[in-house]
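Novice: based on what follows, work out the 3D shape:
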Amino acid sequence: MENENRYQYKMDDGIVIQYFKGPVNIDDIISSWDNLFRKEIVHPGLKGVISDFTGAGLDIEMKDLLTMREFLLKNSKLVKSLCLAQVVDSPKIVMPLYFENENPEFTTRGFSTLEAAKMWILDSCP
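Specialist: You can find the predicted model right below:
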């Protein structure tokens, strides 16, 4: 899959961290989640998933948030118990904040640093 070179995974303290690089759009984000599910990286006992976009050019629009919501709802059995954090260091930080406010069925939050995202998951998620 051509998108796989745009992200990589790391496991840390029961948290999966997805590191994105280069130009990233909604298809890349969904592709990364499909890989997490297909490779069974998301499993019971996992606390959360951090998507780190600080090394990426995030090419996402508000309409793409609906696509992401539909994807997560379709896979809700796998993500409902997870804390989902997005790390964004650009004006696009508004996207995860908007998603958080509009989708209370998911435990999600936007951050500007990876360390803050990890602390939130470790302190706030079962």
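
Novice: how about the strands of this protein, start to end?
Specialist: For the chain, strands defined by DSSP state E occupy the ranges 7-12, 15-24, 48-58, 83-87, 107-111.

Novice: just those: most buried one?
Specialist: Comparing the strands of the chain by mean neighbour count (mean count of other C-beta atoms under 10 Å), strand 83-87 ranks first with a mean of 24. Quick note: C-beta positions are derived from backbone N, CA and C, even for glycine.

Novice: could I get the strands of the chain as TSV with distance to K39 and mean pLDDT?
Specialist: Formatted as TSV, the strands of the chain follow (distance: least, C-beta to C-beta, whole Å; pLDDT from 0 to 100):
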stretch	distance to K39	mean pLDDT
strand 7-12	8	78
strand 15-24	10	93
strand 48-58	13	93
strand 83-87	18	96
strand 107-111	22	94
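
Novice: for the ones you listed, which one sits closest to N35?
Specialist: The minimum distance between N35 and these falls on strand 7-12, with 8.0 Å, by C-beta to C-beta.

Novice: could you dump that closest one to PDB, C-alpha only?
Specialist: Written as PDB, here are the backbone C-alpha positions of strand 7-12 (Å, rounded to 0.1, in the frame of the first residue of the first chain):
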ATOM      1  CA  TYR A   7       3.200   6.500   9.000                       C
ATOM      2  CA  GLN A   8       4.900   4.200  11.400                       C
ATOM      3  CA  TYR A   9       3.900   2.700  14.800                       C
ATOM      4  CA  LYS A  10       5.500   2.500  18.200                       C
ATOM      5  CA  MET A  11       4.100   0.800  21.400                       C
ATOM      6  CA  ASP A  12       4.800   2.700  24.600                       C
END
